[in-house]
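**Q** Sequence first, predicted coordinates after that:
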There are 2 protein chains.
Amino acid sequence: MSWKDDLKNLEQDHIAEMLELIRIPSVSTSPDHKADMQKAAEFVAARMQKAGVPEVRIAQSDGHPSVIGRWHVSDDQPTILIYGHYDVQPAEPLELWTTPPFEPTVDGNIIYGRGSSDMKGNLLSAIQGVEASSKANGGQPPVNVSFIFEGEEEIGSPHMIQIIRENRDLLGADAVISADGGQYSADTPSQGVALKGLAGLQVNVTTANTDMHSGGFGAYMPNAIQSLIQLAATFHNEDGHVMVEGFYDRVNELTEADKAEMALLPIDVDKQMADMAVKGLFGESAFTPRERNWGRPTLDFNGIWGGFQGDGVKTVTPAKAHLKITCRLVPDQNPGEIRELIIKHCEKHLPAYASFDVILADGSAKPYVVNREDPVYQAVTDTLVDLYGKEPVITRSGGSVPATAIFQDELGLETITLGWSQDGSRAHAPNEWYSIPDYLRGREGYALLLDKLVR
Amino acid sequence: MSWKDDLKNLEQDHIAEMLELIRIPSVSTSPDHKADMQKAAEFVAARMQKAGVPEVRIAQSDGHPSVIGRWHVSDDQPTILIYGHYDVQPAEPLELWTTPPFEPTVDGNIIYGRGSSDMKGNLLSAIQGVEASSKANGGQPPVNVSFIFEGEEEIGSPHMIQIIRENRDLLGADAVISADGGQYSADTPSQGVALKGLAGLQVNVTTANTDMHSGGFGAYMPNAIQSLIQLAATFHNEDGHVMVEGFYDRVNELTEADKAEMALLPIDVDKQMADMAVKGLFGESAFTPRERNWGRPTLDFNGIWGGFQGDGVKTVTPAKAHLKITCRLVPDQNPGEIRELIIKHCEKHLPAYASFDVILADGSAKPYVVNREDPVYQAVTDTLVDLYGKEPVITRSGGSVPATAIFQDELGLETITLGWSQDGSRAHAPNEWYSIPDYLRGREGYALLLDKLVR
């Protein structure tokens, strides 16, 4: 049977597998979900074994495990290493979900659930595509395939280097195919050529060793929230330009060619603003939204808290306040250097009556750019042309996949992305969704890619 | 037996009563403690009945009840109405408490526990003092005494007016004695002549109807935390002066006489800073800390929150962020007007890409100044001179007791304060404490006051 017919027959089974995987709340950032992480890793490992992958390993680390597999069929054929992650973002704030995040809900062609778009659908599509290719090819795929599905992508892949170093025997390849990606739209393929880097830290501001009564002390003792606000307000100017000294020093300014390529794919901001009830845009007005998203670094506030947050009034002068910051980086910014610059900025701009310390976020990512001359990049292009009947558009990403830079550093491999998530699928936000037709097509994409890679 | 001997005999019993009352977590701001509020009201009512108060009523309202009592002994004698509150501030942040907040802990002469200083000790001292006076006087006090102990002082007394209007039959008096007060130090009495007013609100900032993935949208979509920070940074200048337009318009500037009186009681800021590990002061540098505390209005940030607050990283662009504000007011500022000015300030200074709404905090207080010519004020002075062997120092308060302005408006009564809390007793903060000798002396103060009031 052709892999196409086989995949057609298995549609309902494959949808059921996706629902089953979403039901495991594999939230990597939360210590409460440690057992769920192991459970999800075991699910993925079992699914790979079922697909016929002969060598499957749950590779432990000082963090969450990765699931690694190797299916070597011929020394004369190329090897691809399929990358993905089985961990998901936290579901909070829970009250904004219309359906329970870990009880996947099918509504027509849409599956709602945390991790549906990012990236349990893409992960399963890849395995199922390889499985179908193998069955159609007499029990093994036409090229060599390895897999690495990590459990720490959403927290910055802090143990990816350790895992790669300890499992090199299974990871030799000609290129990495990352399944953690998206298409331009339901009928237009895209090929990603750049990812942003990531650098994160938490700033803790302290003004005293105790909270105080605002009536007794508020008029002359410092307030940690007020102190943090004074500091935080110095990170951007009114135009959203980052005011941290040296932040842009290593930024490769966008060329006219870059801008022309990006201009082919403008963001429909009017639609996005209407969909998400946004009144106005933020950020550097000298650049288009697309240029900002793909080509300009940012400093983002992801969380803030301090003092009394309950119902009602508490007349307290708080002694502690906290701010979570992540930066999205572009070539050639360096995550470690950016964090140092932010710490220097805090030293300079925090009011003298306050102190601070920082917690460096686990994991950071270098910005990454693909080599478009790589033959695997070309095979992916051909796959997309066959699948959609048209050339892919060239995209970059405002997001970060730390693993990509790690593959380049540790294994000397290019990473080319092949995935089916759609913009607007609320990855990282409440009511995340994934399209069932995209999920099913993803499987065909992976089967087709293996055919294209045959020498 | 003299009331002095009687009180001496009952010291251990009275300490036990205090521990019992602290054990009831009567947190008025939290809906979770509704049953505890009723329990605390019943405890206070039972204690008044035990003391011999013939008419005791738990006066219900649309909020928490007040406990009201009336002990009318003679039309020829004056009547005082003793005021206090049995509710307490929330104990959060719990992790900063050395001992459990609602399991009072005695360490030498100190009782630790939420509400010990503010003001379960002062409340019981007043009842116990009246009881002892009555016993020494043949079974009833030498003057007429009424009581009102409310359950909503810590949330701004939102139902005090309702309760007073519905219970006027028990509340006729010549003056109010508020037991919600402090002494200057363990060996120096003080007499308070002014309270600050209070106006509070919560500002909720919204930038979208959903949180977003910062990699997908952070570079061009607005961020609610960043928006709130931009707004919040405009409330003060670097000197801590409030920048809300019109905020100071009705402020009575301190006279040279005011400043001279305040200068008699400078704050030992060096000691406070050492005790609380504070690096520097905040606020209007043209005024001394004492002048700021007693005579200058403030705008205080009591709480802030938004986005991801857990461990680790979440690369989210949050759509909502929140700020709790209270203002301490001086004559002739008006709480309602100040809140309107703050709302106008938000309209003017919030970035255009964000929206906001406000939640007006329940309860607000007008600033209050005592008439020092009142005969009850004189009787309190005489009581303090007898008790300490020296004249009281004249103090004001940076805090607010909304009931005071309500007594003036609704009953036409002056309020004179007589209480024993000490500065530094961590009211509203973790590890709140009260001195046992102060608690025991407080009882004598109330017994003595009744003698001083006899015509």
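**A** It's in. Treat the numbers as computed from the prediction; the structure is a model and nothing was measured.
**Q** Check the spacing between A:L350 and A:Q230 real quick.
**A** Applying Cβ to Cβ, to the nearest Å, the value for A:L350 to A:Q230 is 7 Å. Quick note: C-beta positions are derived from backbone N, CA and C, even for glycine.
**Q** pretty sure A:I304 contacts A:L323?
**A** Yes - under the criterion of Cβ atoms under 8 Å, A:I304 makes contact with A:L323 at 5.1 Å.
**Q** close to chain B, is stretch A:293-300?
**A** Yes - counting by Cβ under 8 Å from any Cβ of the partner chain, chain B has neighbours in stretch A:293-300: A:N293, A:R296, A:T298, A:D300.
**Q** Please enumerate the strands of the stretch 301-450 of chain A.
**A** A:316-317, A:320-329, A:355-360, A:368-369, A:393-395, A:415-417, A:433-435 (DSSP state E, counting those that start in this stretch).
**Q** what's the most buried one of those?
**A** When the strands of the stretch 301-450 of chain A are scored by mean count of other Cβ atoms under 10 Å in any protein chain shown, the highest mean neighbour count falls to strand A:316-317 (a mean of 30).
**Q** hmm, who's touching it?
**A** A:211-214, A:217-218, A:221, A:223, A:307-308, B:89, B:300, B:302-303, B:428-429 (Cβ atoms under 8 Å, 6 or more residues apart in numbering or on different chains).
**Q** 7 Å instead, please
**A** Residues outside strand A:316-317 that contact it (Cβ atoms under 7 Å, 6 or more residues apart in numbering or on different chains) are A:D211, A:M212, A:S214, A:F217, A:G218, A:M221, A:N223, A:G307, A:F308, B:D300, B:N302, B:H428.
**Q** Also stretch A:398-416?
**A** With contact meaning Cβ under 7 Å, 6+ apart, stretch A:398-416 is reached by A:81, A:83, A:150, A:153, A:156-157, A:160-161, A:164-165, A:171, A:173, A:175-178, A:180, A:195-198, A:293-294, A:328, A:363-366, A:368, A:370-371, A:374, A:376-377, A:380, B:213, B:215-216, B:219.
**Q** Quick one, which of these are buried?
**A** A:81, A:83, A:150, A:153, A:156-157, A:160, A:164, A:171, A:173, A:175-178, A:180, A:195-198, A:293-294, A:328, A:363-366, A:368, A:370, A:374, A:376-377, A:380, B:213, B:215-216, B:219 (16 or more other Cβ atoms under 10 Å in any protein chain shown).
**Q** Among those, which lie within helices?
**A** Assigned to helices by DSSP state H, the following of the buried ones among the contacts of stretch A:398-416 qualify: A:M160, A:I164, A:L171, A:N293, A:W294, A:V376, A:Y377, A:V380, B:G215, B:G216.
**Q** quick one: least confident of these?
**A** Across those, the bottom pLDDT score, 87, is held by B:G216.
**Q** In contact with it, which residues?
**A** By Cβ under 7 Å, 6+ apart, B:G216 lies in contact with A:G398, A:G399, A:D423.
**Q** could these go into a markdown table alongside neighbour count and pLDDT?
**A** Output for those, formatted as a markdown table (neighbours: other Cβ atoms under 10 Å in any protein chain shown; pLDDT from 0 to 100):
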| residue | neighbour count | pLDDT |
| --- | --- | --- |
| A:G398 | 24 | 88 |
| A:G399 | 24 | 83 |
| A:D423 | 18 | 79 |
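**Q** didn't A:Q183 look like it was pressed against A:S190?
**A** Yes - counting by Cβ atoms under 7 Å, A:Q183 does reach A:S190; the two are 5.6 Å apart.
**Q** Show me the shaky parts of the stretch 351-455 of chain A.
**A** With pLDDT under 70 as the threshold, the stretch 351-455 of chain A has low-confidence stretches at A:363.
**Q** Write out the residues of it neighbouring chain B.
**A** Applying Cβ under 7 Å from any Cβ of the partner chain, one finds that the stretch 351-455 of chain A approaches chain B through A:352-353, A:355, A:361-362, A:397-400, A:423, A:426-430.
**Q** let's go with 6 Å and repeat that
**A** Proximity of the stretch 351-455 of chain A to chain B, by Cβ under 6 Å from any Cβ of the partner chain, involves residues A:A352, A:Y353, A:A361, A:G398, A:G399, A:A427, A:H428, A:A429.
**Q** List the ones among these that fall in helices.
**A** Using DSSP H, no member of those sits in helices.
**Q** Narrow those to just the buried residues.
**A** Among these, those classed as buried by 16+ other Cβ under 10 Å are A:Y353, A:A361, A:G398, A:G399, A:A427, A:H428, A:A429.
**Q** looking at this, A:Q12 is in a helix?
**A** Yes - assessed by DSSP: H, G, I helix; E, B strand; the rest coil, A:Q12 belongs to a helix.
**Q** same for the helix or strand hosting A:L7, what does it pack against?
**A** In this assignment (DSSP states H and E), A:L7 forms part of helix A:3-9. The contact analysis (3 or more Cβ pairs under 6 Å, 6 or more residues apart in numbering or on different chains; DSSP states H and E) places helix A:3-9 against helix A:121-136.
**Q** helices and strands around the helix it packs on, which ones?
**A** helix A:3-9, helix A:11-22, helix A:34-51, helix A:436-453.
**Q** what angle do that helix and helix A:436-453 make?
**A** Here helix A:121-136 runs at an angle of 50 degrees relative to helix A:436-453 (axes from the mean of the first three to the mean of the last three Cα atoms, to 10 degrees).
**Q** what residues does helix A:121-136 touch?
**A** Contacts with helix A:121-136, where a contact means Cβ atoms under 6 Å, 6 or more residues apart in numbering or on different chains, come from A:2-3, A:6-7, A:14, A:17-18, A:47-48, A:51-52, A:82, A:84, A:140-141, A:145, A:179, A:419, A:434, A:439, A:442-443, A:446-447, A:450.
**Q** Tell me the buried residues within these.
**A** For those, a neighbour count by 16+ other Cβ under 10 Å gives the buried set as A:3, A:6-7, A:14, A:17-18, A:47-48, A:51, A:82, A:84, A:140-141, A:145, A:179, A:419, A:434, A:439, A:442-443, A:446-447, A:450.
**Q** I'd like the ones in helices among the buried ones among the contacts of stretch A:398-416 laid out as a markdown table, including distance to A:H236.
**A** Shown next, in a markdown table, are these (distance: Cβ to Cβ, whole Å):
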| residue | distance to A:H236 |
| --- | --- |
| A:M160 | 31 |
| A:I164 | 36 |
| A:L171 | 41 |
| A:N293 | 17 |
| A:W294 | 20 |
| A:V376 | 40 |
| A:Y377 | 36 |
| A:V380 | 37 |
| B:G215 | 18 |
| B:G216 | 19 |
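**Q** So which of the residues of stretch A:293-300 next to chain B is the closest to A:A257?
**A** Distance to A:A257, by Cβ to Cβ, is smallest for A:R296 among the residues of stretch A:293-300 next to chain B, at 16.3 Å.
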